[in-house]
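J.: Predicted model follows, preceded by the sequence.
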Amino acid sequence: MHPLPRRPRFRSLLPQLLAASLAGLTLAASVHAGPLLDRLRERRQAQAPSQPEAAATPPPTSPGTHSLTMNWQGETRHWMMHVPPGFQPGRPTAVVYFFHGGGGNMQHGADDRLYGQISASDRLGHLVVFPNGHGRLKSGKLATWNAGNCCGAARDEQIDDVGFVRAIHAELGKRFQVDPKKVFAAGMSNGAMMSYRLACEASDLFSAITAVAGTDNTRSCQPTRPVSVLHIHARDDERVLFNGGAGKASEQVTDFTSVADSVARWVRHDACPTPPRTVLSQPGVSCVEHEACQGDSRVRLCVTDGGGHSWPGGQKARGGRGSDALSATDEMTRFFFGK
């Protein structure tokens, strides 16, 4: 666990938060969880029903991208779901849950220019779900995920985002035949950190995750079964530093776990028996993989030389592109589906 630095007042953070919304990155600087937030948390817990109230309308099965809501612990939570063309609800289906970066929202996650998730769904035929994180705005913007030591209001108010994802999954199960061996989580930055938390606390649901530009910042991790992990990171990431700590733009968030420590944790969790072998080496990127881990799991690390804090192969919300030495979307789909 990393100690959290002292945080400035919320008013002074507004410019950073607004910038984070545009970037869809983990710029959502945290507000100290003082007495006011303690009272808000207590009120939410007191008002929360013993069982979550499901969305009033079951998820549609028709092709397209659908926006949905759910009452979860006294809060209206938002999520989107994409059903690919030609989808047959009666057949077993894979599901990818994609988590936006801190300060973003589900629309950022569903933006194909940034992450390519809808195109991947249309090509491969799986469902893709875009949950919206927790924020202080009813619009759902400037949202973060409670990934342990990060990030923002979701962490400070101890939002049960793992429970929220489980509630969404229960709703999917009412309309779709979800293949329990093909439920995956992927995310960017704070969304990558949320994927790591799901691997720790919902390993009964998720068989593999892809984490891009976000490390394992969970406070505790006791998976009940092995989970395969693909981690993608740029050496020059300026926000979630490759060797740990916080970049200048993220210094009010937390001291992030290093990439090496994150990968080493999952090599231990998955009981991988042998050193990694190189599976990709080309200009600008290299990938190594621990194979034959417990339960046929794998742990793969891909490192790009450049691109900064971004999704390789995709555009950046504020302009520019991530590294073109690798497509994170293609690498993710090969890791999940073998194609």
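T.: Perfect, I can see it now.

J.: which residue is nearest the middle of this protein?
T.: Centroid-nearest residue in the chain: residue 191, 2.6 Å away (criterion: CA atoms, centre = their mean).

J.: Nearest spatial neighbour of that residue, chain-adjacent residues omitted?
T.: Nearest residue to residue 191, sequence neighbours excluded (CB to CB, 6 or more residues apart in numbering): residue 99, at 3.1 Å. Any C-beta I mention is one placed from the backbone N, CA and C, and that applies to glycine too.

J.: Check residue 201 too.
T.: Residue 201 sits nearest to residue 162 (CB to CB, 6+ apart), 4.9 Å away.

J.: The one you found belongs to a strand?
T.: No. Judged by DSSP: H, G, I helix; E, B strand; the rest coil, residue 162 forms no part of a strand; its state is helix.

J.: mind checking how far it is from residue 121?
T.: Residue 162 is 23 Å from residue 121, where distance means CB to CB, to the nearest Å.

J.: So those two - more neighbours on which side?
T.: Set residue 162 next to residue 121 and count neighbours by other CB atoms under 10 Å: residue 121 wins out with 25 against 18.

J.: quick one: secondary structure of that one?
T.: helix.

J.: Run through the bridge partners of the closest residue to it other than its chain neighbours.
T.: What sits nearest to residue 121 in space, not counting adjacent residues and going by CB to CB, 6+ apart, is residue 128, at 4.4 Å. Applying DSSP bridges to residue 128 gives these bridge partners: residue 82, residue 96.

J.: What's the local residue count around residue 128?
T.: 26.

J.: what about the residue nearest to residue 191, distance to residue 210?
T.: 10 Å.

J.: again, but for residue 338
T.: Relative to residue 210, and taking CB to CB, residue 338 is found at 14 Å.

J.: between those two, who's got more neighbours?
T.: residue 210 (27 against 6).

J.: Show me what counts as buried in the longest strand anywhere in the chain.
T.: Counting by DSSP state E, the longest strand found in the chain is strand 178-188. By 16 or more other CB atoms under 10 Å, the buried positions in strand 178-188 come out as 178, 182-188.

J.: re the thing from before, so what's in contact with residue 338 and residue 210 at the same time?
T.: Counting by CB atoms under 8 Å, 6 or more residues apart in numbering, residue 338 and residue 210 have no contacts in common.

J.: Would you enumerate the residues in contact with residue 311?
T.: Contacts of residue 311 by CB under 8 Å, 6+ apart are 114-115, 188, 212-213, 322, 328-329.

J.: And residue 213, by the same measure?
T.: 101, 188-189, 192, 232-234, 237, 239-240, 309-311.

J.: just to revisit the earlier point, show me what the longest strand of the chain is packed up against.
T.: With contacts taken as 3 or more CB pairs under 8 Å, 6 or more residues apart in numbering; DSSP states H and E, strand 178-188 sits against strand 93-99, helix 161-175, helix 190-201, strand 208-212, helix 328-337.

J.: one more time with 7 Å
T.: Where contact means 3 or more CB pairs under 7 Å, 6 or more residues apart in numbering; DSSP states H and E, strand 178-188 is packed against strand 93-99, helix 190-201, strand 208-212.

J.: Wait, residue 185 touches residue 193, no?
T.: No. Shown here, residue 185 and residue 193 do not form a contact pair, counting by CB atoms under 7 Å, at 11.0 Å.

J.: which of the buried residues of strand 178-188 sit farthest apart?
T.: Using CB to CB, those span at most 23.6 Å, a distance reached by 178 and 188.

J.: Contact partners for residue 91?
T.: Residues near residue 91 by CB atoms under 7 Å, 6 or more residues apart in numbering: residue 177.
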